[in-house]
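Colleague: Model the following, please.
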Amino acid sequence: MNDRRRASAHVFVDDLDALILDSDDAHHLTRVLRLRDGERVTASDGRGRWRNCRFDGSGLVVDGAIESEASVSDGAVLFALSKGDKPETAVQKLTELGVARIVPFVAERSVVKWDESKAQRNVERLRKVAREAAMQSRQVRLPIVDDVQPSLAAAIALVGDVAVAEPGGDAIGSSVSAIAVGPEGGFTPAELDGRRLVALPGGVLRAETAAVVAGALLVDRHTR
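Modeller: The predicted model follows:
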């Protein structure tokens, strides 16, 4: 990580041997960061592999061997849709933490309910937020950001073994690999029926805060 922190920028490419920047990243390096020839940049394939490069004024040239890095976490956070830019905040922070999978869903008490067209646009936006957050935090893995699921049950079916965050639940043990957090109004009794419940630390958390806390606990569990 120290090598990546010292780099002037961190980008993602499809092929670490070709080092082809997309137009947005090329613009960011040349027009926003205004990198000079020879400045060091790290590039990753988003799947755990990365290498040192140099900026040559318009693109990247190889300046080191390809390296691999173990995953920070194999955990997943499922979060109910909420108003405004809260979903973007949750995705940004979860990506910075290194959470491997992020699943937005519509809970029974969710105020926000996106139609199919809006859901697709907003998920693409969330994936862009995740990519930008991964670049900023020098991650070498891009999280999976799933399509919006129509219910908690559907989100859990997509991931598998999921614990649901609820006051009064059990402590989060080492066996927990995925946590679902609800909307501002909480989950309904029907949604909680038969679920494995776990408690998050703190008081009454905002929806986006609960998602970030769940992610931090999962990453901490993985890295101990």
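Colleague: buried ones in the helix or strand containing residue 168?
Modeller: Assigned by DSSP states H and E, residue 168 belongs to strand 163-170. Buried residues in strand 163-170, counting neighbours by 16 or more other CB atoms under 10 Å, are found at 163-166, 169. Where you see a C-beta, it was placed from the backbone N, CA and C, and this is true even at glycine.
Colleague: Specify which member of the residues you listed is nearest to residue 8.
Modeller: residue 165 (38.9 Å; CB to CB).
Colleague: partner residues bridging the closest residue to the closest one other than its chain neighbours?
Modeller: Nearest non-adjacent residue to residue 165, counting by CB to CB, 6 or more residues apart in numbering: residue 181, 4.7 Å away. With DSSP bridges as the criterion, residue 181 is bridged to residue 79.
Colleague: helix/strand/coil for the residue lying farthest from the centre of the chain?
Modeller: Going by CA atoms, centre = their mean, the residue of the chain most distant from its centre is residue 37, 31.7 Å out. Assigned state for residue 37: coil (three-state reduction, DSSP: H, G, I helix; E, B strand; the rest coil).
Colleague: my guess is it contacts residue 59, does it?
Modeller: No. Using CB atoms under 8 Å, residue 37 is not in contact with residue 59; the gap is 11.1 Å.
Colleague: overlap in contacts of those two?
Modeller: Residues touching both residue 37 and residue 59 (CB atoms under 8 Å, 6 or more residues apart in numbering): there are none.
Colleague: Could you dump the buried residues of strand 163-170 into JSON lines with pLDDT and distance to residue 93 added?
Modeller: Compiled in JSON lines, the buried residues of strand 163-170 are given as follows (pLDDT from 0 to 100; distance: CB to CB, whole Å):
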{"residue": "163", "pLDDT": "97", "distance to residue 93": "20"}
{"residue": "164", "pLDDT": "98", "distance to residue 93": "20"}
{"residue": "165", "pLDDT": "97", "distance to residue 93": "16"}
{"residue": "166", "pLDDT": "96", "distance to residue 93": "21"}
{"residue": "169", "pLDDT": "95", "distance to residue 93": "22"}
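Colleague: can you list contacts of the worst-scoring helix or strand of the chain on mean pLDDT?
Modeller: When each helix and strand of the chain is scored by mean pLDDT, DSSP states H and E, helix 2-6 comes last, with a mean of 80. Contact partners of helix 2-6, identified using CB under 8 Å, 6+ apart, comprise 10, 40, 42, 50, 52, 138, 140.
Colleague: do that again at 6 Å, thanks
Modeller: Outside of helix 2-6, the residues within contact range by CB atoms under 6 Å, 6 or more residues apart in numbering are 10, 42, 138.
Colleague: cool, stretch 173-191 as well?
Modeller: Contacts of stretch 173-191 (CB under 6 Å, 6+ apart): 75-80, 82, 107-110, 152, 159, 162-165, 207, 210-211, 214, 221.
Colleague: redo that, cut-off 7 Å
Modeller: Contacts to stretch 173-191, defined as CB atoms under 7 Å, 6 or more residues apart in numbering, come from residues 74-80, 82, 107-111, 152, 155-156, 159, 161-166, 198, 207, 210-211, 214, 218, 221.
Colleague: when you check these against the helices, which ones overlap?
Modeller: 152, 155-156, 159, 207, 210-211, 214, 218, 221 (DSSP state H).
Colleague: want to throw the residues you listed into TSV with pLDDT and distance to residue 119?
Modeller: Formatted as TSV, the ones in helices among the contacts of stretch 173-191 follow (pLDDT from 0 to 100; distance: CB to CB, whole Å):
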residue	pLDDT	distance to residue 119
152	98	16
155	98	13
156	97	19
159	96	18
207	92	18
210	96	22
211	97	18
214	97	22
218	94	25
221	78	31
